[in-house]
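J.: Dropping the sequence and predicted coords here.
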Amino acid sequence: MTQEPTNFPGPPFAGPEVTISFLGPFGTFTEQALWQVAPAGAKLQPKTSVGQALEAVRTGEADRAVVPIENSIEGGVNATIDALSQGGLVIVCEMIVPVSFSFAVRPGTRKEDVKFIGTHPHAWAQCRGWVEENFPGAVHVPTTSTASAAELLGGTADVSIQAALCNAVSVERYGLEAMYQDVADNRGAVTRFVMVSLPGAIPPKTGADKTTVQVKLPDDEAGALLTMLEQFSARGVNLSRIESRPGGDGLGSYAFSIDIAGHVQEERVKAALVGLYRTCPEVKFLGSYPRVDGVRAQVRPGTSDDDFGRAWEWMNSVLFEGKAD
Ligand SMILES: O=C(O)C(=O)C[C@]1(C(=O)O)C=C[C@@H](O)C=C1
């Protein structure tokens, strides 16, 4: 099946259809997220880790990768944030998926048989209280995704788990049955996913955009964090997420993963990023893309593209015409 590359996020792909790698196997929440944007004929490549899904794009094996980046209960997905910080990839769109879990077992399993429960650590963190109440003393067996726990449980091999906390679609896919449905400690939990590609044309600005950057602060410099934040506040740029990650060069060295409300083609965002680049040892641009919630950035008086344009006109008249007012 041939796809029109034009309205698909990110640079054109070699075609005829787009190849998308994702945190697999089939039946993960990540697969559910990718169908929000993937065309019907997309070729899917399930991978066993976020790192492998992203690497497939770096090597050209896939045109895009879809990976989880943030959960409303458990916070950032470090594997994704760290892998993206290695550079070479950009985010081209985001998706949000409401998350609740099925408690899946092999047909015939009794409640008292369940001693070991397999699932992804992020899923476990979202169901910890429920498990404590319903299966006190049960042990968490971490798996590479929620669907991999279901696949393991449904497989013929003699496995050590008796239940999996997974997406409802995995229950049927792997021949299991749901002992409980809609399991979650917090109603309304959502996970945010991103689609990434090799860098190319930046998705056009819509007025409701996000820009993701990774910034390293100078080591042992008093006020370095404040200086970094001032680059944003001085230009009226709002942040929707900021997380510190170890820089990897020993204790005390940190990098910040930041989502900015705005598009890199907006003057106030450009000015903030230029300010960051001047004052921080490392700045990585990880993409500008439309916000899935459609929330438009509030533009403070004096920070619109028009305000920057008038200010530059004035400066040019000072520089090139010698004007003094
Ligand atoms: O394991 C999956 O099904 C995933 O898509 C991963 C993931 C995550 O990394 O947060 C996605 C959504 C849920 O929050 C639990 C797990």
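T.: That came through fine.

J.: Next, the most centrally placed residue in the chain: phi, psi?
T.: Centroid-nearest residue in the chain: residue 69, 2.6 Å away (criterion: Cα atoms, centre = their mean). Reported as degrees, to the nearest 10, the phi and psi values for residue 69 are phi -130, psi -30.

J.: just checking, it touches residue 196?
T.: No. With contact defined as Cβ atoms under 8 Å, residue 69 and residue 196 do not form a contacting pair (9.7 Å). C-beta here means a position set from N, CA and C on the backbone, and glycine is covered the same way.

J.: For this protein, which residues are neighbours of the ligand?
T.: 23, 28-30, 68, 71, 77, 99, 120, 122-123, 145-147, 167, 191 (Cβ under 6 Å from any ligand atom).

J.: neighbours around residue 198, how many?
T.: Residues near residue 198, counting by other Cβ atoms under 10 Å, number 16.

J.: quick one: it from residue 291, how far?
T.: Using Cβ to Cβ, to the nearest Å, residue 198 is found at 22 Å from residue 291.

J.: and if you look at residue 231?
T.: 21 Å.

J.: Could you find the closest non-adjacent residue to residue 246?
T.: Of all residues not flanking residue 246 in the chain, residue 254 sits nearest, at 6.5 Å (Cβ to Cβ, 6 or more residues apart in numbering).

J.: Need phi/psi at the one you found.
T.: Main-chain dihedrals, residue 254, degrees, to the nearest 10: phi -130, psi 150.

J.: Neighbours of it, how many?
T.: Count around residue 254 with other Cβ under 10 Å applied: 17.

J.: One more: residue 15?
T.: 12.

J.: got it, and the one 3 residues further on?
T.: The number of residues packed around residue 18, counting by other Cβ under 10 Å, is 23.

J.: any idea how far it is from residue 45?
T.: Going from residue 18 to residue 45 by Cβ to Cβ gives 11 Å.

J.: Kindly report the same for residue 16.
T.: Noted for residue 16: a distance of 16 Å to residue 45, by Cβ to Cβ.

J.: If you count surrounding residues, which of the two has more?
T.: Set residue 16 next to residue 45 and count neighbours by other Cβ under 10 Å: residue 45 wins out with 17 against 11.

J.: just the CA coordinates of stretch 7-24, formatted as CSV?
T.: Extracted in CSV, the C-alpha atoms of stretch 7-24 (Å, rounded to 0.1, in the frame of the first residue of the first chain):
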residue,chain,number,x,y,z
ASN,A,7,0.7,15.1,6.0
PHE,A,8,2.8,12.6,8.1
PRO,A,9,4.9,14.3,10.8
GLY,A,10,8.6,14.7,10.1
PRO,A,11,10.8,14.6,7.0
PRO,A,12,9.6,12.6,3.9
PHE,A,13,10.4,8.9,4.2
ALA,A,14,12.0,6.7,1.5
GLY,A,15,8.7,4.9,1.0
PRO,A,16,6.5,3.4,-0.4
GLU,A,17,5.3,3.0,3.2
VAL,A,18,6.7,4.3,6.5
THR,A,19,8.6,2.0,8.8
ILE,A,20,8.0,2.6,12.5
SER,A,21,10.0,1.0,15.3
PHE,A,22,8.5,1.0,18.8
LEU,A,23,8.7,-0.4,22.3
GLY,A,24,7.2,-3.8,21.7
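
J.: buried sites along it?
T.: 8, 10, 11, 13, 17, 18, 19, 20, 21, 22, 23, 24 (16 or more other Cβ atoms under 10 Å).

J.: And the furthest pair within those residues?
T.: Spanning the widest gap among the buried residues of stretch 7-24 are 11 and 24, at 23.8 Å by Cβ to Cβ.

J.: looking only at pLDDT, what's the mean for stretch 126-144?
T.: Averaged over stretch 126-144, pLDDT sits at 97.

J.: first to last residue in it, what's the distance?
T.: In stretch 126-144, first residue to last residue: 16 Å (Cα to Cα, to the nearest Å).

J.: can you list contacts of the top helix by length along the chain?
T.: Of all the elements of type helix in the chain, the one with the most residues (DSSP state H) is helix 305-321. The contact list for helix 305-321 (Cβ atoms under 8 Å, 6 or more residues apart in numbering) reads 266, 267, 268, 271, 301, 323, 324.

J.: and the fourth one, that's in a helix?
T.: Yes. In this structure, residue 271 lies within a helix as judged by DSSP: H, G, I helix; E, B strand; the rest coil.

J.: name the element residue 242 belongs to?
T.: strand 239-246 (DSSP states H and E).

J.: so what strands line up beside that strand?
T.: Applying DSSP bridges, strand 239-246 is found paired with strand 254-261 (antiparallel).

J.: who's in contact with the strand it pairs with?
T.: 76, 81, 84-85, 209-217, 228, 232, 237-247, 269, 272, 282, 291, 295, 297-298.

J.: Any figure for the gap between residue 14 and the ligand?
T.: 27 Å (Cβ to the nearest ligand atom, to the nearest Å).

J.: what's that residue in contact with, if anything?
T.: With contacts defined as Cβ under 8 Å, 6+ apart, residue 14 is in contact with residue 63.
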